[in-house]
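Asks: Mind folding the following:
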Amino acid sequence: MSNPTELTPDTDVRAVVREKYGLIAEGQVTGCCGQGCGCDVVSEPDALGYTAEQIAAIPEGADLGLGCGNPLAFAAAQPGETVLDLGSGAGIDAFLAARAVGPTGHVIGVDMTQSMIERARANAVKVKAELPNVEFRLGEIEHLPVADATVDLIISNCVVNLSPDKPQVFREAFRALRPGGRMLVSDLVWNAAPPEHIRKSVDALVGCVAGASLKQEYLDLMKAAGFGDVEIVSESGYQAGVESLPADSPDRAFYEMVRSVKVRAIKPKA
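Replies: A predicted model of the protein is given here:
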């Protein structure tokens, strides 16, 4: 496909994201976008809330520096649970979840990029003897390849913002969860609406900010899907986008309104 720099009403957002992240999975690009959006600054795991023990346990090649926070830090994954990772990438959070749920649990990673799934599966082979309870499925997070009410915990790390149909993402997550199941999402949101040129930037889209929702809108979308007890359990600034901009760029003020949040929600039992 072509290499557009600006989104239009006719842009196939999924195709753009799939192509860009495919290049990352294949090692042709470092970081999740081009110069100017911030994700060319690869995140360090310890800065995103991963413990030293978790960092040591991450299989080589599973961390591509694409997240905005550790979703497992507040997920309270329990032995024997089934966990679903939305937009699992090369598998960093899926592998950590597999350790948390133990041999009686099960972890399913879903990603829409074929080359990313292939990389995750190759990583899984490396640790199969130790972590036989993790698998990766090709699919869109708007159309999850899992049965109804079969999952105890859904996690996601800086992925929902990339979806052009966030209400459908949350409806699908709700469908997949068992009654009483929970969702813990690490994602980026805006404190205030960004200017139109940022919303239209392909680099900013793939860098996880152009498609990000306003903070309250994000919570409202989860509630509209049926979730209860929706709450932000952790919030912090996200400076990567600012660091990549020129010192005199007027966009610095806008990027400083980007927040990294961890949101927890419950599927009611009744």
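
Asks: Quick check: closest non-adjacent residue to Arg182.
Replies: Ile266 (5.1 Å; Cβ to Cβ, 6 or more residues apart in numbering). For glycine as for every other residue, the C-beta is placed from the backbone atoms N, C-alpha and C.

Asks: looking at it, the one you found is touching Gly228, isn't it?
Replies: Yes: applying Cβ atoms under 8 Å as the test, Ile266 and Gly228 come out as touching, 5.3 Å apart.

Asks: Next, give phi and psi for the residue nearest to Arg182.
Replies: phi -120, psi 140 (degrees, to the nearest 10).

Asks: cool, and Leu66?
Replies: phi -110, psi 0.

Asks: Just the local confidence number for it, please.
Replies: For Leu66, the pLDDT comes out at 78.

Asks: Look up how far Thr82 lies from it.
Replies: As judged by Cβ to Cβ, to the nearest Å, Leu66 and Thr82 stand 24 Å apart.

Asks: for the protein, what spans make up the helices?
Replies: 13-25, 52-57, 92-101, 114-126, 166-176, 196-199, 202-206, 215-224, 240-243, 252-255 (DSSP state H).

Asks: which of the ones you listed is buried the deepest?
Replies: Scoring these by mean neighbour count under mean count of other Cβ atoms under 10 Å gives helix 92-101 as the most buried, with a mean of 26.

Asks: Show me what that one is packed against.
Replies: With contacts taken as 3 or more Cβ pairs under 8 Å, 6 or more residues apart in numbering; DSSP states H and E, helix 92-101 sits against helix 52-57, strand 82-86, strand 106-111, helix 114-126, strand 134-138, strand 151-157.

Asks: Which one of the ones you listed has the poorest average confidence?
Replies: When I compare these, helix 52-57 is least confident, with a mean of 87.

Asks: distance between it and the chain's centre?
Replies: Remark: helix 52-57 is offset 20 Å from the chain centroid, using Cα atoms, centre = their mean, to the nearest Å.

Asks: Stretch 248-268 too?
Replies: Distance of stretch 248-268 from its chain centroid, counting by Cα atoms, centre = their mean, is 13 Å.

Asks: now do stretch 198-207
Replies: How far stretch 198-207 lies from its chain's middle: 16 Å, per Cα atoms, centre = their mean.

Asks: hey, C-alpha coordinates of that stretch in PDB?
Replies: Output of stretch 198-207 as PDB, limited to C-alpha atoms (Å, rounded to 0.1, in the frame of the first residue of the first chain):
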ATOM      1  CA  ILE A 198      -2.700  15.600  15.200                       C
ATOM      2  CA  ARG A 199      -5.900  13.700  14.800                       C
ATOM      3  CA  LYS A 200      -5.100  13.400  11.000                       C
ATOM      4  CA  SER A 201      -1.400  12.400  11.400                       C
ATOM      5  CA  VAL A 202      -0.600   8.800  10.500                       C
ATOM      6  CA  ASP A 203       2.500   8.900  12.600                       C
ATOM      7  CA  ALA A 204       0.500  10.100  15.600                       C
ATOM      8  CA  LEU A 205      -2.100   7.400  14.900                       C
ATOM      9  CA  VAL A 206       0.400   4.600  14.900                       C
ATOM     10  CA  GLY A 207       2.100   6.300  17.800                       C
END
